[in-house]
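Visitor: I'd like to go over a predicted model; first the sequence, then the structure.
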Amino acid sequence: MRATVSALAVAAAIAAIPARTLSIGTLPPRLQDTGLYADWQSKTIASRNLPYSPQYPLWSDGAGKTRWLSIPRGKWIDASNPERWIFPVGTRLWKEFAFNGHRVETRFIERSAQGWLFATYQWNEDETDAPLAPEFGVARSAEIRPGVRHSIPSRTDCLACHAASDARVLGINTLQLSADRDPNAPHAEPVPEGGVSLQALVERGLLRGLPPRYLRVPPRIDARTPTARAALGYLNTNCGICHTSTGQLASLGFSLRYSLGLPVSASPAAVLTGVGRPSHFQVPGAKVRLAPGNPDASVLVARISSRNPVTQMPPLGTHLVDDDAVRLIRKWITDDLPAVQLAADKHTKETKR
Amino acid sequence: MIQRNWRGATRLLMPVMFGVTAIAFVSAADQTPSRPAAQKAGTGTPAAAALVKRGEYLVKNHGCTDCHTPQKMGANGPEPDQARYLSGHPADLKLPPPPKAEGPWIVSADASGTAWSGPWGISYTANLTPDPETGLGSWTEQQFIEALRTGRHQGRGRQILPPMPWQPFGTMTDADLKAVFAYLHSITPVKNKVPDPVIAEPGK
């Protein structure tokens, strides 16, 4: 009976996913069947699955997150375009979420021959089983803290982020796996034992085509200050998935994606499209996306500081405000953006002469 | 802490909403308002005109106007305000607080049919005209399709609230949704900034 329900859930999920992004495939009905573990009873991870940790983690209400990547034998990631890696068919990724020391869900992505598959598996209370989660997710899952419960995403919500642009894999890229990790990144995690970096992937033959300069000098966000570096990295991960200049929301004209290779003197997209730009969504006292020197007049701050479902940003995947990030972004707007604005104004005047 | 998932609420309420709509707007169903799109349909290529025509057909028989065109009182009772065709809840229509939900009666609507109150709070129907500032003018076709597939604003923003029955509409084919979008972009733009929804406080 349970297997039947799971099979129906899979069928419904695949049917509900737009053909543009996914096509017919099969999802294992249980996490145990996805190839993550060498031994389920002891929860021993299979040796071919490589742990990794992005330097700028996505905020997930403080969840403890553990991640693994698997590339099929004889295959590799094509990083010829360092901004857009191409993962081979057979690539698998897992991300385990835990709250208060207990596993809650493990998300799973596979690039099958037919397309990308997205699923999540819900752990039972004693962590002895993890079946495929329902198509519409679980609105009130494990307790994060008194009165607040985690939400397991619906199948369409997976795509809200993972189909927002060309990138289907969001936590593994040239910047995130750089060895030059940002010590000020909010909620920065230590690299797990055996965790892979760009160099490690190249040495294993799992990453090819990456321009050599990224191995000679590990990539980083070349910002004017440590605060700006961390702020741009945070926005890149938590907002720049959807807010890009090329993805599905490009028409908004608001990009928080950080492009590699920008010199320190150049203005990143977040500044170019955010500073002084009027916001379509307005809140009392704030009319522009980013107001240099005035975080309270910046709509971006109002939105990341809210968990009202209409106002909050990101709009999904979180029920708690990331207080550390709000402090960081407020400091960036207060301390860094006025100087950026002055430099931009000066440049504009010189150009006009 | 506000923590909601209104997808379930919409599914729960959908039969209710369809029922309410059918009863409340039976007189409106008899109206055959003129459509600006019919005038514009012939201006493009034959394929584009056919797409708009198909979209007009779908918009009419799927009842989009029931909620997205404000009702006004006419000689024969409520009728769609054609000057505000598909422009959503009028920004200048200020309403008192909704009645308190009692017992099994959990949903109420205002006389214009564009403001709805229920356990989720208050929602106002959207401006579907191609006005670039206040309507769908700045939306892409893909954003529109994904909004109806996912129940999220522009496909990946905030949840679309009840009573918008996005779930059945989301099962329409890409071709049909493209036609609907083409039609909505062909109608007369109306500048009308619909208020943001009001989310109910827990326990209220």
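Guide: Structure received.
Visitor: spell out which parts of chain A neighbour chain B.
Guide: Where chain A comes near chain B, counting by Cβ under 8 Å from any Cβ of the partner chain, the residues are A:16, A:18, A:136-137, A:139-140, A:147-149, A:151, A:154, A:156-157, A:159-161, A:164, A:242, A:248-249, A:251-252, A:307-310, A:312, A:315-316, A:319. (Glycine included, C-beta is placed from N, CA and C.)
Visitor: which of those are buried? Put it as a PyMOL command.
Guide: To isolate the buried ones among these in PyMOL, judged by 16 or more other Cβ atoms under 10 Å in any protein chain shown, type:
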select buried, chain A and resi 16+18+136+137+139+149+151+154+156+157+159+160+161+164+242+248+249+252+307+309+310+312+315+316+319
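Visitor: contacting residues for the nearest residue to residue A:225 once chain neighbours are set aside?
Guide: Once flanking residues are discounted, residue A:225 sits nearest to residue A:336: 5.8 Å by Cβ to Cβ, 6 or more residues apart in numbering or on different chains. Residue A:336 makes contact with A:224-225, A:227-228, A:231, according to Cβ atoms under 8 Å, 6 or more residues apart in numbering or on different chains.
Visitor: does residue A:336 sit in a helix, a strand or a coil?
Guide: What DSSP: H, G, I helix; E, B strand; the rest coil gives for residue A:336 is helix.
Visitor: from residue A:292, how far off is it?
Guide: Distance check for residue A:336 against residue A:292: by Cβ to Cβ, to the nearest Å, it reads 8 Å.
Visitor: ramachandran coordinates for the most centrally placed residue in chain B?
Guide: In chain B, the centroid-proximal residue (Cα atoms, centre = their mean) is residue B:68; its distance is 4.0 Å. Torsion angles at residue B:68 (phi, psi; degrees, to the nearest 10) stand at phi -90, psi -10.
Visitor: need the contact list for it.
Guide: Contact analysis of residue B:68 by Cβ under 8 Å, 6+ apart lists B:86-88, B:114, B:125-128.
Visitor: go with 6 Å
Guide: By Cβ atoms under 6 Å, 6 or more residues apart in numbering or on different chains, the contact set of residue B:68 is B:86, B:88, B:125, B:128.
Visitor: over to residue B:160?
Guide: Residue B:160 neighbours (Cβ under 6 Å, 6+ apart): B:151, B:166.
Visitor: give me the pLDDT value at it.
Guide: Predicted confidence (pLDDT) for residue B:160: 96.
Visitor: distance of it from chain A?
Guide: Counting by Cβ to the nearest Cβ, to the nearest Å, the separation of residue B:160 from chain A is 11 Å.
Visitor: what's the closest non-adjacent residue to residue A:247?
Guide: Leaving out its chain neighbours, the residue that sits closest to residue A:247 by Cβ to Cβ, 6+ apart is residue A:165, at 3.2 Å.
Visitor: from residue A:267, how far off is the one you found?
Guide: In terms of Cβ to Cβ, residue A:165 sits 21 Å off from residue A:267.
Visitor: the more surrounded of the two?
Guide: More crowded of residue A:165 and residue A:267, by other Cβ atoms under 10 Å in any protein chain shown: residue A:165, with 21 against 15.
Visitor: now the stretch of helix or strand residue A:281 belongs to: buried residues?
Guide: According to DSSP states H and E, residue A:281 maps onto strand A:278-283. The neighbour-count check on strand A:278-283 (16+ other Cβ under 10 Å) flags A:279, A:281, A:283 as buried.
Visitor: for these, which one is nearest residue A:127?
Guide: residue A:281 (40.7 Å; Cβ to Cβ).
Visitor: and the closest one, what does it touch?
Guide: Applying Cβ under 6 Å, 6+ apart, no residues contact residue A:281.
Visitor: coming back round to it: pLDDT added to the buried residues of strand A:278-283, as CSV?
Guide: What follows is the buried residues of strand A:278-283, written out as CSV (pLDDT from 0 to 100):
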residue, pLDDT
A:279, 95
A:281, 89
A:283, 88
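Visitor: ok, these vs chain B, which is closest?
Guide: residue A:281 (8.1 Å; Cβ to the nearest Cβ).
Visitor: distance check, the closest one against residue A:225.
Guide: Taking Cβ to Cβ, one finds residue A:281 at 28 Å from residue A:225.
Visitor: so how far is the first residue of stretch A:93-109 from its last?
Guide: 5 Å (Cα to Cα, to the nearest Å).
Visitor: give me the contacts around it.
Guide: By Cβ under 6 Å, 6+ apart, stretch A:93-109 touches A:31, A:34, A:36, A:63-69, A:118-123, A:127, A:141-142, A:144, A:150, A:152.
Visitor: just stretch A:44-63 next, same as before
Guide: Stretch A:44-63 is contacted from outside by A:38, A:67-70, A:97, A:99, A:144, A:171, A:176, A:181-182, A:185, A:187, A:189, A:191-192, A:194-196, A:233, A:237-238, A:318-320, A:322, using Cβ under 6 Å, 6+ apart.
Visitor: list only buried entries from those.
Guide: Here, 16+ other Cβ under 10 Å leaves A:67-70, A:97, A:99, A:144, A:171, A:176, A:181-182, A:185, A:187, A:189, A:191, A:195-196, A:233, A:237-238, A:318-320, A:322 buried among the contacts of stretch A:44-63.
Visitor: can you pull out the helices in chain B?
Guide: B:6-24, B:36-40, B:46-61, B:64-68, B:141-150, B:166-169, B:174-184 (DSSP state H).
Visitor: for residue B:124, list each beta-bridge partner.
Guide: residue B:115 (DSSP bridges).
Visitor: what's the burial count for it?
Guide: 23.
Visitor: distance between the ends of stretch A:194-206?
Guide: With Cα to Cα as the measure, stretch A:194-206 spans 15 Å from end to end.
Visitor: find the least confident helix or strand in the chain, judged by mean pLDDT.
Guide: With no chain named, the answer covers chain A. helix A:2-16 (a mean of 34; mean pLDDT, DSSP states H and E).
Visitor: sorry, I should have been clearer: chain B.
Guide: helix B:36-40 (a mean of 41).
Visitor: show me the shaky parts of the chain.
Guide: Just going to use chain A. Scanning chain A for pLDDT under 70 picks out A:1-25, A:347-348, A:351-353.
Visitor: hmm, no, I was thinking of chain B.
Guide: Along chain B, the parts satisfying pLDDT under 70 run over B:1-43, B:202-204.
Visitor: ok, 50 please
Guide: Within chain B, the segments meeting pLDDT under 50 span B:1-2, B:11-12, B:14-42.
Visitor: how close does the residue of the stretch 101-250 of chain A found nearest chain B sit to residue A:178?
Guide: Across the stretch 101-250 of chain A, no residue is closer to chain B than residue A:139, which sits at 3.5 Å (Cβ to the nearest Cβ). As judged by Cβ to Cβ, residue A:139 and residue A:178 stand 37 Å apart.
Visitor: next, give phi and psi for the closest residue in space to residue A:150 that isn't next to it in sequence.
Guide: Excluding the flanking residues, the one nearest residue A:150 by Cβ to Cβ, 6+ apart is residue A:141, at 4.5 Å. The phi/psi pair for residue A:141 (degrees, to the nearest 10) reads phi -100, psi -130.
Visitor: of the contacts of residue B:68, closest to residue B:61?
Guide: residue B:86 (14.6 Å).
Visitor: what's the local residue count around the spatially closest residue to that closest one that is not a sequence neighbour?
Guide: Leaving aside its sequence neighbours, residue B:86 sits nearest to residue B:128 (Cβ to Cβ, 6+ apart; 4.4 Å). Residue B:128: 26 surrounding residues under other Cβ under 10 Å.
Visitor: and residue B:141, by the same measure?
Guide: So residue B:141, with other Cβ under 10 Å, has 15 neighbours.
Visitor: is it in contact with residue B:183, as I believe?
Guide: No. Counting by Cβ atoms under 6 Å, residue B:141 sits too far from residue B:183 to count as a contact (11.8 Å).
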